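Visitor: I need the structure of the sequence given here:
(4 chains)
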There are 2 protein chains.
Amino acid sequence: MAAMTVQDQDQLTRRFKALSDPHRLRILDRLRGGERCVCDLTDALDAGQSLLSFHLKTLKDAGLVTDRRDGRWSWYTLNAEALEEIEEFLASLKRRTRDRDWKPVCCA
Amino acid sequence: MAAMTVQDQDQLTRRFKALSDPHRLRILDRLRGGERCVCDLTDALDAGQSLLSFHLKTLKDAGLVTDRRDGRWSWYTLNAEALEEIEEFLASLKRRTRDRDWKPVCCA
DNA sequence: TTGACACATCAATGGATGTTGATGTATAAT
DNA sequence: ATTATACATCAACATCCATTGATGTGTCAA
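Guide: So this is what the prediction gives:
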(Lines give C-alpha, C1' and ligand atoms only; values in the text may rest on other atoms or scores of the structure.)
Protein backbone atom coordinates (compact mmCIF):
# COMPACT_ATOMS: atom_id res chain seq x y z
CA MET A 1 0.00 0.00 0.00
CA ALA A 2 2.88 2.16 -1.00
CA ALA A 3 2.64 5.41 0.97
CA MET A 4 -0.26 4.58 3.21
CA THR A 5 -0.16 5.35 6.88
CA VAL A 6 -1.82 3.21 9.50
CA GLN A 7 -4.44 5.93 9.99
CA ASP A 8 -5.21 5.89 6.26
CA GLN A 9 -5.65 2.13 6.44
CA ASP A 10 -7.89 2.51 9.43
CA GLN A 11 -9.96 5.15 7.77
CA LEU A 12 -10.30 3.13 4.60
CA THR A 13 -11.49 0.01 6.37
CA ARG A 14 -13.87 2.09 8.46
CA ARG A 15 -15.28 3.64 5.32
CA PHE A 16 -15.70 0.33 3.56
CA LYS A 17 -17.35 -1.10 6.65
CA ALA A 18 -19.71 1.85 6.72
CA LEU A 19 -20.58 1.14 3.10
CA SER A 20 -21.25 -2.53 3.72
CA ASP A 21 -24.80 -2.29 4.92
CA PRO A 22 -27.97 -2.03 2.83
CA HIS A 23 -29.61 0.48 5.14
CA ARG A 24 -26.64 2.78 4.85
CA LEU A 25 -26.44 2.42 1.08
CA ARG A 26 -30.08 3.45 0.87
CA ILE A 27 -29.37 6.46 3.04
CA LEU A 28 -26.48 7.51 0.82
CA ASP A 29 -28.60 7.03 -2.25
CA ARG A 30 -31.24 9.28 -0.80
CA LEU A 31 -28.62 11.91 -0.06
CA ARG A 32 -27.88 12.08 -3.79
CA GLY A 33 -30.85 14.42 -3.90
CA GLY A 34 -28.93 16.84 -1.71
CA GLU A 35 -29.09 17.70 1.95
CA ARG A 36 -31.84 15.86 3.82
CA CYS A 37 -33.34 16.08 7.26
CA VAL A 38 -33.51 13.02 9.45
CA CYS A 39 -37.30 12.98 9.47
CA ASP A 40 -37.31 12.64 5.69
CA LEU A 41 -34.89 9.73 5.91
CA THR A 42 -37.04 8.10 8.54
CA ASP A 43 -39.94 8.15 6.11
CA ALA A 44 -37.85 6.67 3.34
CA LEU A 45 -36.34 3.81 5.29
CA ASP A 46 -38.29 1.12 7.02
CA ALA A 47 -36.27 1.59 10.16
CA GLY A 48 -36.98 2.84 13.64
CA GLN A 49 -35.72 6.19 14.77
CA SER A 50 -32.87 4.96 16.94
CA LEU A 51 -31.71 2.53 14.27
CA LEU A 52 -31.55 5.29 11.69
CA SER A 53 -29.67 7.44 14.15
CA PHE A 54 -27.18 4.64 14.65
CA HIS A 55 -26.57 4.25 10.94
CA LEU A 56 -26.20 7.98 10.46
CA LYS A 57 -23.63 8.07 13.19
CA THR A 58 -21.76 5.23 11.54
CA LEU A 59 -21.67 7.11 8.25
CA LYS A 60 -20.63 10.28 9.99
CA ASP A 61 -17.84 8.60 11.95
CA ALA A 62 -16.56 7.21 8.69
CA GLY A 63 -16.55 10.69 7.20
CA LEU A 64 -18.97 9.75 4.45
CA VAL A 65 -21.53 12.34 5.50
CA THR A 66 -21.54 15.58 7.44
CA ASP A 67 -24.34 16.94 9.57
CA ARG A 68 -25.69 20.29 10.55
CA ARG A 69 -28.12 21.30 13.27
CA ASP A 70 -30.92 23.72 12.58
CA GLY A 71 -33.17 24.22 15.54
CA ARG A 72 -34.46 20.82 16.42
CA TRP A 73 -33.73 19.33 13.03
CA SER A 74 -30.58 17.67 11.81
CA TRP A 75 -29.54 17.80 8.21
CA TYR A 76 -27.16 15.37 6.55
CA THR A 77 -25.09 15.78 3.41
CA LEU A 78 -22.90 13.46 1.35
CA ASN A 79 -19.18 14.11 1.63
CA ALA A 80 -18.07 13.87 -1.98
CA GLU A 81 -14.42 14.16 -1.07
CA ALA A 82 -14.55 10.95 0.93
CA LEU A 83 -16.15 9.14 -1.98
CA GLU A 84 -13.42 10.39 -4.26
CA GLU A 85 -10.72 9.18 -1.94
CA ILE A 86 -12.21 5.71 -1.97
CA GLU A 87 -12.48 5.78 -5.73
CA GLU A 88 -8.87 6.81 -5.95
CA PHE A 89 -7.84 3.90 -3.76
CA LEU A 90 -9.75 1.43 -5.93
CA ALA A 91 -8.23 2.93 -9.04
CA SER A 92 -4.78 2.59 -7.54
CA LEU A 93 -5.32 -1.12 -7.03
CA LYS A 94 -5.66 -1.46 -10.76
CA ARG A 95 -2.39 0.31 -11.43
CA ARG A 96 0.26 -2.33 -11.54
CA THR A 97 3.35 -1.97 -9.45
CA ARG A 98 6.93 -2.14 -10.57
CA ASP A 99 7.23 -5.74 -9.36
CA ARG A 100 5.36 -6.56 -12.51
CA ASP A 101 8.13 -9.03 -13.22
CA TRP A 102 7.95 -10.71 -9.85
CA LYS A 103 8.71 -14.40 -9.90
CA PRO A 104 7.70 -16.76 -7.11
CA VAL A 105 10.40 -18.00 -4.81
CA CYS A 106 8.16 -20.47 -3.04
CA CYS A 107 6.62 -22.46 -5.85
CA ALA A 108 8.44 -23.61 -8.93
CA MET B 1 -30.27 3.31 -6.36
CA ALA B 2 -32.35 3.96 -9.42
CA ALA B 3 -32.08 0.79 -11.49
CA MET B 4 -30.52 -1.46 -8.92
CA THR B 5 -31.83 -4.96 -8.34
CA VAL B 6 -31.80 -6.64 -4.97
CA GLN B 7 -28.98 -8.89 -6.18
CA ASP B 8 -26.93 -5.87 -7.17
CA GLN B 9 -27.47 -4.42 -3.70
CA ASP B 10 -26.49 -7.71 -2.16
CA GLN B 11 -23.37 -7.95 -4.24
CA LEU B 12 -22.38 -4.38 -3.48
CA THR B 13 -22.70 -4.79 0.25
CA ARG B 14 -20.84 -8.09 0.08
CA ARG B 15 -18.04 -6.39 -1.83
CA PHE B 16 -17.81 -3.49 0.57
CA LYS B 17 -17.82 -5.92 3.46
CA ALA B 18 -15.00 -7.84 1.83
CA LEU B 19 -13.06 -4.61 1.50
CA SER B 20 -13.54 -3.64 5.13
CA ASP B 21 -10.70 -5.63 6.63
CA PRO B 22 -7.02 -4.66 6.82
CA HIS B 23 -5.78 -8.16 6.04
CA ARG B 24 -7.83 -8.25 2.90
CA LEU B 25 -6.74 -4.79 1.82
CA ARG B 26 -3.15 -5.90 2.17
CA ILE B 27 -3.87 -8.97 0.09
CA LEU B 28 -5.41 -6.85 -2.64
CA ASP B 29 -2.49 -4.49 -2.55
CA ARG B 30 -0.11 -7.36 -3.03
CA LEU B 31 -2.14 -8.57 -5.98
CA ARG B 32 -1.41 -5.26 -7.71
CA GLY B 33 1.85 -6.91 -8.70
CA GLY B 34 -0.13 -9.42 -10.72
CA GLU B 35 -1.13 -13.01 -10.11
CA ARG B 36 0.24 -14.45 -6.87
CA CYS B 37 0.38 -17.87 -5.31
CA VAL B 38 -0.95 -18.41 -1.83
CA CYS B 39 2.44 -19.30 -0.43
CA ASP B 40 3.76 -15.90 -1.46
CA LEU B 41 0.84 -14.19 0.25
CA THR B 42 1.46 -16.24 3.37
CA ASP B 43 4.96 -14.86 3.49
CA ALA B 44 3.77 -11.30 3.03
CA LEU B 45 1.02 -11.32 5.64
CA ASP B 46 1.53 -12.00 9.28
CA ALA B 47 -1.29 -14.47 9.26
CA GLY B 48 -1.62 -18.19 9.67
CA GLN B 49 -2.41 -20.40 6.72
CA SER B 50 -6.04 -21.05 7.55
CA LEU B 51 -6.68 -17.41 8.26
CA LEU B 52 -5.27 -16.38 4.91
CA SER B 53 -7.38 -19.05 3.26
CA PHE B 54 -10.45 -17.64 4.98
CA HIS B 55 -9.76 -14.12 3.76
CA LEU B 56 -9.06 -15.30 0.23
CA LYS B 57 -12.36 -17.11 0.19
CA THR B 58 -14.11 -13.97 1.39
CA LEU B 59 -12.54 -11.96 -1.42
CA LYS B 60 -13.39 -14.65 -3.93
CA ASP B 61 -17.00 -14.94 -2.80
CA ALA B 62 -17.30 -11.20 -3.22
CA GLY B 63 -15.94 -11.49 -6.75
CA LEU B 64 -12.99 -9.25 -6.04
CA VAL B 65 -10.47 -11.91 -6.98
CA THR B 66 -10.43 -15.03 -9.08
CA ASP B 67 -8.38 -18.13 -8.47
CA ARG B 68 -6.76 -20.80 -10.54
CA ARG B 69 -5.34 -24.18 -9.59
CA ASP B 70 -2.01 -25.31 -10.92
CA GLY B 71 -0.96 -28.61 -9.50
CA ARG B 72 -0.90 -28.15 -5.78
CA TRP B 73 -0.64 -24.40 -5.95
CA SER B 74 -3.43 -21.87 -6.10
CA TRP B 75 -2.99 -18.55 -7.83
CA TYR B 76 -5.09 -15.49 -7.18
CA THR B 77 -5.71 -12.47 -9.38
CA LEU B 78 -7.46 -9.15 -8.90
CA ASN B 79 -10.77 -8.82 -10.71
CA ALA B 80 -10.49 -5.36 -12.19
CA GLU B 81 -14.04 -5.44 -13.45
CA ALA B 82 -15.42 -5.73 -9.93
CA LEU B 83 -13.32 -2.79 -8.81
CA GLU B 84 -14.66 -0.74 -11.67
CA GLU B 85 -18.23 -1.58 -10.80
CA ILE B 86 -17.67 -0.34 -7.29
CA GLU B 87 -16.03 2.82 -8.58
CA GLU B 88 -18.97 3.39 -10.86
CA PHE B 89 -21.36 3.04 -7.96
CA LEU B 90 -19.44 5.57 -5.91
CA ALA B 91 -19.32 7.94 -8.84
CA SER B 92 -23.05 7.60 -9.27
CA LEU B 93 -23.61 8.70 -5.69
CA LYS B 94 -22.02 11.99 -6.58
CA ARG B 95 -24.31 12.55 -9.52
CA ARG B 96 -27.29 14.45 -8.27
CA THR B 97 -30.75 13.22 -8.97
CA ARG B 98 -33.60 15.12 -10.55
CA ASP B 99 -35.18 15.72 -7.15
CA ARG B 100 -32.58 18.38 -6.79
CA ASP B 101 -35.40 20.73 -5.94
CA TRP B 102 -36.87 18.53 -3.25
CA LYS B 103 -38.41 20.37 -0.34
CA PRO B 104 -39.04 18.78 3.03
CA VAL B 105 -42.62 17.99 3.93
CA CYS B 106 -41.82 17.04 7.48
CA CYS B 107 -39.87 20.02 8.78
CA ALA B 108 -40.69 23.59 8.00
C1' DT C 1 -43.32 26.65 32.42
C1' DT C 2 -45.29 22.73 30.79
C1' DG C 3 -45.59 19.67 27.27
C1' DA C 4 -44.64 17.99 22.68
C1' DC C 5 -41.24 17.21 19.30
C1' DA C 6 -36.70 15.80 16.86
C1' DC C 7 -33.00 13.54 17.57
C1' DA C 8 -29.05 11.26 20.16
C1' DT C 9 -27.49 7.87 23.33
C1' DC C 10 -27.68 3.83 26.30
C1' DA C 11 -28.32 -1.07 27.76
C1' DA C 12 -29.48 -5.47 26.40
C1' DT C 13 -29.68 -9.10 23.08
C1' DG C 14 -28.85 -12.03 18.97
C1' DG C 15 -26.43 -12.94 15.04
C1' DA C 16 -22.45 -12.33 12.08
C1' DT C 17 -17.46 -12.26 11.60
C1' DG C 18 -12.35 -13.02 12.63
C1' DT C 19 -9.12 -16.05 14.60
C1' DT C 20 -7.01 -20.44 15.97
C1' DG C 21 -5.79 -25.21 15.83
C1' DA C 22 -7.10 -29.60 13.97
C1' DT C 23 -8.54 -32.31 10.19
C1' DG C 24 -9.46 -33.24 5.22
C1' DT C 25 -8.06 -33.57 0.26
C1' DA C 26 -5.56 -33.45 -3.67
C1' DT C 27 -1.00 -33.45 -5.72
C1' DA C 28 3.68 -34.50 -6.18
C1' DA C 29 8.18 -36.38 -4.66
C1' DT C 30 10.64 -40.56 -2.74
C1' DA D 1 2.84 -47.23 -1.37
C1' DT D 2 4.32 -43.90 1.69
C1' DT D 3 5.20 -39.43 2.89
C1' DA D 4 5.44 -34.44 2.42
C1' DT D 5 3.45 -30.34 0.54
C1' DA D 6 -0.15 -26.77 -0.52
C1' DC D 7 -4.24 -25.52 0.39
C1' DA D 8 -9.28 -25.80 1.94
C1' DT D 9 -12.51 -26.69 5.45
C1' DC D 10 -14.27 -27.49 10.02
C1' DA D 11 -15.33 -26.73 15.04
C1' DA D 12 -14.88 -23.77 18.77
C1' DC D 13 -14.48 -19.52 20.72
C1' DA D 14 -14.26 -14.39 21.22
C1' DT D 15 -15.36 -10.16 19.50
C1' DC D 16 -17.91 -7.05 16.89
C1' DC D 17 -22.14 -5.20 14.88
C1' DA D 18 -27.24 -4.49 13.99
C1' DT D 19 -31.45 -4.07 16.16
C1' DT D 20 -34.79 -2.85 19.76
C1' DG D 21 -36.93 -0.32 23.43
C1' DA D 22 -36.05 2.98 27.00
C1' DT D 23 -34.07 7.16 28.51
C1' DG D 24 -31.70 11.68 27.86
C1' DT D 25 -31.18 16.42 25.80
C1' DG D 26 -32.08 20.40 23.55
C1' DT D 27 -35.67 23.16 21.13
C1' DC D 28 -39.96 25.05 20.06
C1' DA D 29 -45.14 25.93 20.89
C1' DA D 30 -48.96 26.70 23.83
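
Visitor: any bit of the worst-scoring helix or strand of chain A on mean pLDDT sitting next to chain B?
Guide: Taking mean pLDDT, DSSP states H and E as the measure, chain A has helix A:38-44 as its least confident helix or strand, at a mean of 90. Yes - Helix A:38-44 is in contact with chain B by C-beta under 8 Å from any C-beta of the partner chain, via A:Cys39, A:Asp40, A:Asp43. For glycine as for every other residue, the C-beta is placed from the backbone atoms N, C-alpha and C.

Visitor: need the contact list for the second one.
Guide: Taking C-beta atoms under 8 Å, 6 or more residues apart in numbering or on different chains as the definition of contact, the neighbours of A:Asp40 are A:Arg30, B:Pro104, B:Val105, B:Cys106, B:Cys107.

Visitor: same thing but 7 Å
Guide: B:Pro104, B:Cys106 (C-beta atoms under 7 Å, 6 or more residues apart in numbering or on different chains).

Visitor: same check, this time on the last one
Guide: Residues touching A:Asp43, when contacts are defined by C-beta under 7 Å, 6+ apart, comprise B:Cys106.

Visitor: what stretches of chain A score poorly on pLDDT?
Guide: Scanning chain A for pLDDT under 70 picks out A:1-3, A:98-100, A:108.

Visitor: now the least confident helix or strand of chain A, how far from the centre of its chain.
Guide: Helix A:38-44 has its average C-alpha position 20 Å from the chain's average C-alpha position, going by C-alpha atoms, centre = their mean, to the nearest Å.
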